[in-house]
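1. here's a sequence, model it:
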Amino acid sequence: MTGPLISVIIPNWNGAAHLPTCLEALRRQTYPHREILVVDNGSTDGSLDLLAGYPEVRVLALRRNRGFAGAANAGIRAARGEIIALLNNDTEATPTWLEALAAAFERHPDAGLLASRIMLFDRRDVFHSAGDYVRVDGIPGNRGVWERDVGQYDREEEVFSACGAAAAYRRALFEDIGLFDEDFFYSCEDVDLAWRAQIAGWNCWYVPAAVVYHKLSATGGGPIASFYDGRNFIYLVAKDYPAGLLRRFWPRILQAQGRIACEALKAWRGAAARARLRGQIAGLLTWPRVARKRRAVFARRRRSDAALLARMQWD
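-> Residues are numbered from 1 along each chain as shown. You can find the predicted model right below:
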């Protein structure tokens, strides 16, 4: 077999309804040098019984739910590949997905991570993510989300981050900056990793030929996602936002957090809005837990504030 071994890691928690579509799509991949690992977060829906019907899949059964970050890290430690591909269980990868990622890593030796072209599962001409961005106010987001595809994201180009629903990483990146931060548990662990990669001088490329369809928030979302987004947006600033830029943009950061809180208060009757506020409160109460990691993050710094700012979005 030619080309590096790609280890596809699929975190799973009660995703039995989605796994067959995901795994059958991986069986159709044109790139042969691959291994598939499903890391199960203590599912109770028969996921493990279903996986017995896929003998090519290595299953790591965790005793408790360690979140997306914990499951991803368990898979990375067990994987044998030079390239690690993360994939949500509620996705369908097109047959050339892995082939496109392998080719992109060969074209871009500077890349530590790659972003896929992620489209909505049920509206396949609408984007979920064409790579991810981080704004100067500290808020991350999916580039192109909800936009209909009219060719605006057909160019292979650098982006700030890769959405963890379908992303690829060099093992060398993890060896340099460490694995996913399990304090994030669910949501924004991919952006935290991208921040650390950018600070350490690695680049992220968006690969439009690497297409994946995603049932957005099918196995998470609603109040769960809202809580962790509310908390983890604060964690990202506390842990990764460079001090020099923080002194310059702290008013924008506070305004952004205030805007999120006001929008949640206006929608107070909704469970997701209340969860978002609880997440913000949790972030304000517990941010020192992640802030103490700043020293380690910036000890590996190879990129200036100016260079980082050039990779961020203003609005």
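
2. contacts, neighbours, all on C-alpha from now
-> OK.

3. run through this protein and note the low-pLDDT ranges.
-> Residues of the chain meeting the criterion pLDDT under 70: 1, 217-221.

4. if we use 80, what do you get?
-> 1-2, 216-221 (pLDDT under 80).

5. so where do the helices sit in it?
-> Using DSSP state H, the helices of the chain run over 19-27, 47-51, 67-78, 97-107, 171-177, 189-199, 223-240, 243-266, 271-286, 288-291, 294-299, 305-309.

6. quick one: which of these is nearest V212?
-> The closest of these to V212 is helix 97-107. By CA to CA, the value is 7.2 Å.

7. and of the helices of the chain, who's closest to G144?
-> Going by CA to CA, the one of the helices of the chain nearest G144 is helix 189-199, 16.3 Å.

8. which elements pack onto the closest one?
-> Applying 3 or more CA pairs under 8 Å, 6 or more residues apart in numbering; DSSP states H and E, we find helix 189-199 packed against helix 171-177, helix 223-240, helix 294-299.

9. name the residues that touch the shortest one?
-> Looking back up the chat, that one is helix 294-299. I177, R196, I199, A200, A238, K239, D240 (CA atoms under 8 Å, 6 or more residues apart in numbering).

10. check those residues against Y186 and report the nearest one.
-> Using CA to CA, K239 comes nearest to Y186 of the contacts of helix 294-299, at 16.2 Å.

11. quick one: contacts for the closest one?
-> V290, A291, R292, K293, R294, V297.

12. of these, closest to I36?
-> V297 (30.4 Å).

13. roughly how far apart are the closest one and R276?
-> In this structure, V297 and R276 are 27 Å apart, going by CA to CA, to the nearest Å.

14. the more surrounded of the two?
-> Of the pair V297 and R276, R276 is the one with more neighbours under other CA atoms under 10 Å, namely 27 against 20.

15. so that one sits against F233, correct?
-> No: using CA atoms under 8 Å, R276 makes no contact with F233, being 10.6 Å away.

16. tell me which of the helices of the chain sits nearest to L120.
-> Of the helices of the chain, the one closest to L120 (CA to CA) turns out to be helix 19-27, at 14.1 Å.

17. what comes up buried for the closest one?
-> Neighbour counts over helix 19-27 (16 or more other CA atoms under 10 Å) mark L19, P20, C22, L23, A25, L26 as buried.

18. the lengthiest strand in the chain pairs with which strands, parallel or anti?
-> Taking DSSP state E as the criterion, the chain has its longest strand at strand 203-214. Using DSSP bridges, the strands paired with strand 203-214 in its sheet are strand 91-93 (antiparallel), strand 111-120 (parallel), strand 157-159 (antiparallel).

19. can you put these in TSV and add distance to G81?
-> Output for these, formatted as TSV (distance: least, CA to CA, whole Å):
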stretch	distance to G81
strand 91-93	19
strand 111-120	14
strand 157-159	24
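
20. who's in contact with R28?
-> P95.

21. how near is it to A115?
-> 21 Å.

22. likewise for I76?
-> Distance from I76 to A115, by CA to CA: 18 Å.

23. and the two? Which one has more around it.
-> Higher neighbour count among I76 and A115: A115, with 31 against 24, using other CA under 10 Å.

24. so what sits opposite that one in the bridge?
-> Bridge pairing for A115 - DSSP bridges - gives A167, Y206.

25. just to revisit the earlier point, how much does the longest strand of the chain deviate in direction from helix 19-27?
-> If you take axes from the mean of the first three to the mean of the last three CA atoms, to 10 degrees, strand 203-214 sits at 120 degrees to helix 19-27.

26. what's the angle from strand 203-214 to helix 189-199?
-> 160 degrees.

27. residue closest to the middle of the protein?
-> G164 (2.3 Å; CA atoms, centre = their mean).

28. which residue, neighbours along the chain excluded, lies closest to it?
-> What sits nearest to G164 in space, not counting adjacent residues and going by CA to CA, 6 or more residues apart in numbering, is D190, at 5.5 Å.

29. against F105, how distant is the one you found?
-> Relative to F105, and taking CA to CA, D190 is found at 19 Å.
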